[in-house]
Structure formats: C-alpha cells, structure tokens
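Student: model this:
(chains A, B, C and D)
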Protein chains: 2
Amino acid sequence: MEEATKLLKEKGINPSIQRIKIFKSLLGNCDHPTAKDIYKRISKEIPTLSKTTVYNTVKLFSDRGILQTIRGKEGEARYDTKAALHPHFRCKKCGNLYDLDKKLIVKDKEKIDGHLIEEKYVCYSGICKNCR
Amino acid sequence: MEEATKLLKEKGINPSIQRIKIFKSLLGNCDHPTAKDIYKRISKEIPTLSKTTVYNTVKLFSDRGILQTIRGKEGEARYDTKAALHPHFRCKKCGNLYDLDKKLIVKDKEKIDGHLIEEKYVCYSGICKNCR
DNA sequence: TTCTCTGCAAACGCTTTGCACGGAT
DNA sequence: ATCCGTGCAAAGCGTTTGCAGAGAA
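Tutor: Residues are numbered from 1 along each chain as shown, chains lettered A, B, ... in the order given. Reported below is the predicted structural model:
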C-alpha cells in the first residue's frame, strides 16, 4: 500500500482518491497552498473535483491534526502539514511564503537564506487565563 | 488641540471627525479590533458612519504607517497601532488576542501572564531573494 | 471651480451550507 | 436499508470598488 494511503488509514480516514491526492499535494510541495492552489493542481487529474471537496478535506485533515491552517497576507487560508513546527518568511513584494529552519535564531535586519528580514511577528497560542 | 488630532496632522492626515474617532478607538483600546468592532463602537456616536469609511480610514492609516494589520484566526483583519513591535497571545478557546511584552522570552509550554502557551508561531517578513 | 471626504450600493473573492445523487456496506 | 463521500448551487461574510453628493479651499 502506498505511503500516503497508509498514513490516512492510520488517522482513521477513508482514503478516497480525492483525499489521497489532496494529501499528497500537501506533502509533496514545500509551498503552502491555498484551497484554490490545491484545486487547480488536482482538477487537472480529477476534472470533476469540486472546491467543496477541497474544503471538506482540509477541514477533515485539520480536525484530525494532519495539517495546520496559516493565514496569508490577504487573510486567505493556507495549509501546511507542519506549520506549528517552524517559522515562516513572507515576502512583502511577491507574497511568497517560505519555510525557515526551526533552529535558526534570527536577529533583526539580518539576511537569512538570502531573504532580507525587515520584521518579525510572533504569536503564541493556547488557553488564556480567563478560559482556564 | 487634542493629542489625537495633532498626531494625525503630523502624519499629513486631515483630521475629520470620523478619522479622529477611529484613531482614538485604536489608541484607547488595548484590544485589536476588526473593522466591524470599530464600526460598532463609533456608529453609536456617529450614526451615519459607514463601514466603507472605516475601511477607507484604516487603509489610509496603514499606508501612513500608523497602524498594522494582523490576521485573526478566521482570517479577518485586525488593527493594531503597534503590532510589529510586540508578540501576541491568542486564546484557542475564546479567540481573544492579548499583547505580550516585547522583551519577554518565552519557552514552550510555559505560563505567561497567566495564559497557558501551547504553540508558538513565528513569521518574518521582508523582501525575498527573488525580489531583490 | 477643484479637491477631498463620506457613504450607499453593488461587486468580489473566499469559505460554508444545504441538499441530492451515487457507491459501498 | 443505512452510511459515507462527493459536488452543484446558493448563501454568507469580510472587503473592495464605483460613483455621486456634500463640503472645504
């Protein structure tokens, strides 16, 4: 059995062809696709694919802890199989989102991977004191 | 002249009543309001206020470097007069966004300000190597 | 006059919802 | 028969755009 298929089954997800392809699309690409990106890629192979299925599937994956949703510059959802583990770098010009090494320690105004860093934004999440 | 009015003028912004109130609303509240939040607050005082004006104004403020746009969990725009300077803490339960002290160094799973931190997300931005 | 500001209405883009069809069990 | 996965169509929601009226310079 294929690796992707096996992983889905392990998570209790019925491995339909759509789900396998969407999962592979997330695994195989180091970018952070939007629903539209995923739809465009896979509808070449499955012409009847609908965006609803893409949204259904990423929602399912998210519920099962397979992927994380991160927000792009314009607020569109982007999906990443390992978003919580590493920092990102977003280009203010082209809007691309790059992965950075988790262990990297970055100082202000420093260049890293050839990118010129101008700002750093940190957001922690968890349960606040009022909700505990 | 009022402080808020003076600050707007310094930035070359004509201090209309709407702009002053929106600016004050951002300064005076330590939360990070959405356009809707701002609209709801100020339309109590200015019943004819339109959401368009709120959007126009935050866009203007953003262009002049007065505020930063940060993205909420659901992707809605939230506005902060000093977002780039400090990290945030977002509660996974209630969705509230809290300011954290910039100088704080936070380790994983640590409690801070009484909040229980579960995840840390870092995003750098600037100009990528392909755009330079 | 011209320029700026405002705000209604409509459009737009991303995402969700309702529902019905088809296939598997 | 039920349950599940899919996908069309429509709705929902935040945001932007087009445009016109009012007011300031």
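
Student: Report the helix or strand with the lowest average pLDDT across chain A.
Tutor: The weakest-scoring helix or strand in chain A, judged by mean pLDDT, DSSP states H and E, is strand A:111-112 (a mean of 63).

Student: Which helix or which strand is home to residue A:48?
Tutor: Using DSSP states H and E, residue A:48 falls within no helix or strand.

Student: Am I right that residue A:117 is in a helix?
Tutor: No. Residue A:117 is assigned strand when assessed by DSSP: H, G, I helix; E, B strand; the rest coil, not a helix.

Student: wait, it sits on residue B:125?
Tutor: Yes. The pair residue A:117 / residue B:125 is scored as a contact, 7.5 Å apart, by Cβ atoms under 8 Å. Where you see a C-beta, it was placed from the backbone N, CA and C, and this is true even at glycine.

Student: Mutual contacts of these two, please.
Tutor: residue A:89 (Cβ atoms under 8 Å, 6 or more residues apart in numbering or on different chains).

Student: low pLDDT regions in chain A?
Tutor: A:1, A:28-30, A:82-86, A:88, A:90-99, A:101-114, A:118-119, A:123, A:126, A:130-132 (pLDDT under 70).

Student: OK, now which residue of it is nearest to DNA strand C?
Tutor: Residue of chain A nearest DNA strand C, by Cβ to the nearest atom of the strand: residue A:77 (3.1 Å).

Student: what about that residue, neighbour count?
Tutor: 17 (other Cβ atoms under 10 Å in any protein chain shown).

Student: Just the CA coordinates for the helix or strand encompassing residue A:59, please, in CSV.
Tutor: Using DSSP H and E, residue A:59 falls within helix A:51-63. The C-alpha trace of helix A:51-63 is given here as CSV (Å, rounded to 0.1, in the frame of the first residue of the first chain):
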residue,chain,number,x,y,z
LYS,A,51,-13.8,23.2,-4.4
THR,A,52,-16.3,22.0,-1.8
THR,A,53,-14.4,18.7,-1.7
VAL,A,54,-11.1,20.5,-1.2
TYR,A,55,-12.6,22.5,1.7
ASN,A,56,-14.2,19.4,3.2
THR,A,57,-11.0,17.5,3.0
VAL,A,58,-8.7,20.2,4.5
LYS,A,59,-11.3,20.6,7.3
LEU,A,60,-11.2,16.9,7.9
PHE,A,61,-7.4,16.8,7.9
SER,A,62,-7.3,19.8,10.2
ASP,A,63,-9.7,18.1,12.7
